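Prediction below, plus the sequence it came from.
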Amino acid sequence: MKKILCLVLALLCLSAYAMAESVPSKNTSDMVSVEIDATSNPDLPVDSGLVVLPVLEEDEAHATAYAEPIALCQEEIAKLAENVAQSEESAETSGVEAYFGEVHDSEGNVVVLSEALAAQTLDVFEFMPLIVENYEDTYGDVTLTFQFKTPYAEGEELLVLVGIRNSETGEIAWTAFEGVGIGEEGSVQVVFTPEIMDAIQNNMALLAVVSAGEVEEAGEQ
């Protein structure tokens with residue numbers, strides 16, 4: 001069982017099982033690294049200077065330069081936790097799905113998170129601001145490999161969500177990308193389209209990783 005710090009660790013007894021959804025207690029990007037492998041990105045010039053940066057709340061320079069996205073991230077984590085807590089009281093809907101609302105894929109199709117992951121419950125272990133710099137459309141799709149604090153199983157299917165904040169309304173539109181666990185260290189590989197790379201580069205953006213929640217037999221801790 002993955003060991004994480006959670007704002008919510010409540011158990012709902014349903015028949016012979018206990019079910020819960022988990023969310024991060026803070027910006028978790030302090031444990032993240034990103035690799036942009038040249039082999040996986042043949043259209044990316046060696047001297048492109050492309051930067052994909054998870055914002056580090058604990059980094060003094062980041063805290064100063066990216067104070068606004070860090071504050072936004074904390075607000076959204078609190079909203080996510082509130083939705084999860086409310087859903088556990090009602091035992092009717094997923095708090096994770098309630099928080100993210102209507103999610104689309106890169107082609108504009110609606111994505112139902114629980115259906116996409118074939119899961120009764122959903123976990124969000126990673127939630128952080130994301131910065132992109134020096135990206136150009138000619139680079140095309142970009143394959144990224146994230147190393148998070150949470151290790152993911154080889155071949156584990158995940159949804160990597162990117163939230164773009166509307167500067168006028170403050171609303172966040174979420175786009176889902178298929179991610180997969182790779183390697184012995186439990187990294188996550190995902191392919192971002194030119195459209196989402198541009199959107200991240202030109203707006204305030206957040207990244208979240210949604211995975212299938214675990215179902216435990218009642219009484220298991």
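Yep, it's here. Numbering: from 1, shown residues only.

Just to check, Ala212 is in contact with Leu113?
No. At 9.7 Å, Ala212 does not count as touching Leu113 under the criterion of C-beta atoms under 8 Å. Yep, even glycine has a C-beta here, placed from its N, CA and C like the rest.

Mind listing the shared neighbours of those two?
With contacts defined as C-beta atoms under 8 Å, 6 or more residues apart in numbering, the residues shared by Ala212 and Leu113 are Leu122.

What average pLDDT does stretch 81-92 get?
Stretch 81-92 shows a mean pLDDT of 83 in the predicted model.

Once you drop chain neighbours, what's closest to Thr193?
Among residues not flanking Thr193 along the chain, Ser106 sits closest, at 4.9 Å (C-beta to C-beta, 6 or more residues apart in numbering).

now that neighbour: how far from Val32?
To Val32, Ser106 is 22 Å away according to C-beta to C-beta, to the nearest Å.

More neighbours: which of the two?
Val32 (20 against 17; other C-beta atoms under 10 Å).

after the helix or strand harbouring Glu82, next one along is what?
Per DSSP states H and E, Glu82 falls inside helix 67-90. Downstream of helix 67-90, the next assigned helix or strand under DSSP H and E is helix 95-100.

Looking at the next helix or strand after that next one now, give me its mean pLDDT.
Next helix or strand after helix 95-100 toward the C-terminus (DSSP H and E): strand 103-104. The pLDDT scores in strand 103-104 average 98.

Can you name every helix or strand that whichever helix or strand comes after strand 103-104 contacts?
Toward the C-terminal end, the helix or strand that comes next after strand 103-104 (DSSP H and E) is strand 110-111. Judged by 3 or more C-beta pairs under 8 Å, 6 or more residues apart in numbering; DSSP states H and E, the packing partners of strand 110-111 are strand 103-104.
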